[in-house]
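> This is a predicted model, with the sequence first.
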Amino acid sequence: MAQKNKGRKPAPKSKAGKKAQTQQRKPSFRSLLINYILLTAAFYFMMKSCEKKQLNEKQTARTEQTTTDSTASTLQPVPVADSATLAKLKNQAGDFAYALTLPEQAPVTVENEVMKVVFGSKGGAIRYLELKKYKKYDGSPLVMVDGHNQVFDLDLPLKTGKKLSTAALHFMPEVRKSDSLTIVTMRLPAGEDKFLAYEYRIRPDDYMIDFRIYTHNLSGILAGNPVKLHWDLKAYAHEKDVKYENQFTALKYATADGKVDDISALKNDKEIMRKNVRWMDGKQWYFSSFFIAAKPLDSARMRQIKLFDKAKDTFHTKEFVLNTYLNPAGGELNESFQWFHGPNEYRLLASYGKDMEKVIRLGWGIFGWMNKYAFIPLFHFLEKFFSNYGLIIILMTLIVRLVTSPLYYKTYVSQAKTKIIKPEMDEINKKYKDNPMKRQKEIMALQSKAGVNPLAGCVPSLLFIPIFYALFRFFPAEIALRQKHFLWIDDLSSYETFMKLPFNIPLLGSHISLFALLASVVMFFYMKMNQSAQPSSMPTQEGMPDLSKMMKWMLWFSPVMMFFFFNNYASGLSLYYFVSTLLSLIIVYVIKEFVIDEEKVRAQIEENKKKPKKQSKFQERLQRMMEEAERQRQAQQQNRKKR
């Protein structure tokens with residue numbers, strides 16, 4: 001049976017059977033989808049595994065790089081690609097070739113109570129300096145130095161005949177503490193135990209930074225020629241009105257003979273050379289950047305360049321450049337300097353004893369004297385008791401007016417006497433109309449008998465001028481007023497914008513200052529009261545202008561002129577002048593209406609007339625001059641008649 005079956009051929013399959021078998025072998029859509037998902041997942045996990053492996057390799061590389069950087073600080077050689085590159089660096093920088101292979105080190109940040117300083121390894125200089133107690137007009141940090149506005153460089157002459165600029169080289173930082181001092185040393189290596197170093201010493205609560213440049217074991221590397229020092233600072237604008245700030249920005253310097261001078265702020269580009277320079281200052285409106293030498297620089301070339309341009313550059317005011325030379329002793333450098341980046345606060349600068357306070361424009365002669373010994377001490381005395389600076393200005397005004405009020409009293413007593421004897425003066429004017437010398441002589445005699453001082457009205461004006469000019473210098477220079485608010489004023493050191501105009505008026509600007517307007521209005525009424533209290537006693541002479549018309553014209557012109565002036569000046573000065581003029585108006589009114597009794601004054605005049613009054617030496621001299629002038633006039637008239 002089995003053999004029978006074995007010999008038998010398999011029966012051919014039918015077409016239906018073949019079709020069913022083909023359908024069983026053909027994959028379905030579901031199986032294709034599952035296979036695709038499985039393959040995608042496998043590929044995804046394989047890629048993640050590769051990424052993890054690469055990440056581990058990168059972390060290992062970073063660790064190796066960190067190890068390399070840390071070993072570099074111990075003067076270990078850094079591998080160079082090939083000997084040709086090393087030879088090229090050696091030819092370029094001599095023993096400083098090692099410094100060219102150093103990577104940039106992490107910056108060093110040091111802070112005290114008043115400033116934040118960052119030292120960069122590139123160039124070894126101050127990379128960033130921020131004054132912590134001050135802000136810009138927009139509230140942003142006040143930065144004196146950053147990586148974009150300062151260059152400090154030494155041009156080292158090598159024995160190979162080449163020169164090496166330190167500004168592009170990477171120094172190695174070291175920070176240590178010594179009592180309250182923070183000492184930052186930036187070293188530029190030239191081999192084992194050979195280096196150039198910048199040492200910075202920062203004290204607590206102080207803007208002054210001690211700075212020392214010295215070398216160690218470089219006498220065989222440096223040529224021994226003078227080393228060029230280059231400092232370039234582009235001063236940033238910090239205030240609301242950059243154009244006005246630029247007017248206070250100028251290069252200042254001091255010499256060994258005690259002289260402090262400057263390049264005018266109006267100079268766009270000027271370079272000067274001076275000998276025995278003690279310090280140079282890139283002085284701005286409220287802040288300064290000093291470079292101070294422990295011993296005077298033999299020669300210094302200084303340059304000032306205007307950068308501010310309303311259309312091109314409103315970020316900077318001016319650029320200051322210093323070029324000088326340091327003389328190595330025995331082939332080594334050892335020079336001491338100081339950096340000061342801080343506020344132009346008079347007492348602070350004066351405390352250093354280096355004439356630094358003289359960069360503040362307080363006025364010359366008596367004007368500066370009044371600020372130094374009167375207004376600055378008075379201001380800071382009031383500052384101890386009051387925190388509102390607008391109130392301090394008002395109190396200063398009250399004190400000044402109280403001190404000067406006796407002069408105003410004497411002036412108005414004299415004016416009252418002049419008003420009483422005016423009828424007699426008018427008679428003299430009519431009687432001697434054609435004889436001015438005789439007329440003046442008789443008027444002087446009448447005034448002398450009545451006890452009237454014709455110069456009494458000039459005394460307050462003569463005193464007012466130095467006071468006004470001293471305060472004209474004081475208010476814009478006093479940094480304590482910077483960004484201080486009072487009522488609607490947001491900054492007492494700058495102009496006040498009570499109303500913004502949609503257009504610009506020449507000389508006035510595009511704003512209105514309310515205190516400037518109020519000061520001008522009060523000035524008008526004060527001048528009007530003065531003119532009514534002091535009538536003119538002299539008739540108009542032929543060929544001379546009419547004084548009465550001129551005074552009426554000045555009554556309107558002066559307040560308008562003062563408004564234009566105050567509108568763009570420090571609002572603290574406008575506040576002072578408004579309060580001062582208002583107080584003067586009140587004092588004059590009180591003296592005139594309630595203090596001076598005209599009947600008593602009239603009785604005193606009559607009594608004085610009866611007494612023989614001896615003339616003063618000045619009156620005698622003036623009378624002799626008038627008599628001589630009268631004789632000459634008569635002689636000229638006789639000569640004309642003879643002709």
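Perfect, thanks for sending it.

> Going by C-alpha atoms from here, please, whenever you check contacts or count neighbours.
Fine.

> all helices of the stretch 501-643 of the chain, in order?
514-533, 547-566, 571-590, 598-610, 617-642 (DSSP state H, counting those that start in this stretch).

> Show me how far the second one is from its chain's centre.
On the basis of CA atoms, centre = their mean, to the nearest Å, the separation between the geometric centre of helix 547-566 and that of its chain is 33 Å.

> What residues sit buried inside that helix?
L555, P559, V560, M562, F563, F564, F566 (16 or more other CA atoms under 10 Å).

> just for the stretch 451-600 of the chain, where's the confidence low?
The stretch 451-600 of the chain contains residues with pLDDT under 70 at 451-462, 530-551, 596-598.

> go on, the stretch 51-200 of the chain?
In the stretch 51-200 of the chain (pLDDT under 70), the answer is 51-94, 99.

> So which residues of it form strands?
108-111, 115-119, 126-135, 141-145, 150-157, 163-165, 172-178, 181-191, 194-202 (DSSP state E, counting those that start in this stretch).

> Just checking: what are the partner strands of the fourth one?
Using DSSP bridges, the neighbouring strands of strand 141-145 in the sheet come out as strand 126-135 (antiparallel).

> circling back to that earlier point, which of the buried residues of helix 547-566 lies at the shortest distance from R201?
Closest approach to R201 among the buried residues of helix 547-566 (CA to CA): F566, at 44.6 Å.

> got the contact list for the closest one?
S513, A516, L573, S574 (CA atoms under 8 Å, 6 or more residues apart in numbering).

> Tell me the predicted confidence for H216.
Looking at H216, its pLDDT is 90.

> That one touches G191, doesn't it?
No - shown here, H216 and G191 do not form a contact pair, counting by CA atoms under 8 Å, at 10.6 Å.

> My reading is that M273 lies in a helix. Confirm?
No - assessed with DSSP: H, G, I helix; E, B strand; the rest coil, M273 is strand; it does not lie in a helix.

> Report the contact partners of it.
S299, A300, R301, M302.

> Can you name the residues bridging to the last one?
To tie it back to what came earlier, the one meant is M302. Here M302, judged by DSSP bridges, has bridge partners I272, L322.

> so it touches N323, yeah?
Yes - using CA under 8 Å, M302 is in contact with N323, at 6.5 Å.

> the more surrounded of these two?
M302 (22 against 16; other CA atoms under 10 Å).

> Read off the pLDDT value for the more buried one.
The model's pLDDT for M302 equals 95.

> Need the contact partners of stretch 151-159.
94, 123, 125, 163-167, 220-233.

> Distance from stretch 116-126 to the middle of the chain?
23 Å.

> Repeat that for stretch 396-407.
Distance, centroid of stretch 396-407 to centroid of chain: 31 Å (CA atoms, centre = their mean).

> cool, stretch 216-226 as well?
40 Å.

> Tell me which residues of it come out buried.
Buried, per 16+ other CA under 10 Å, within stretch 216-226: H216, N217, L218, S219, I221, L222, A223, G224, N225, P226.

> can you check stretch 463-473 too?
Buried residues in stretch 463-473, counting neighbours by 16+ other CA under 10 Å, are found at P466, I467, Y469, A470, L471, F472, R473.

> among the residues you listed, which are in helices?
P466, I467, Y469, A470, L471, F472, R473 (DSSP state H).
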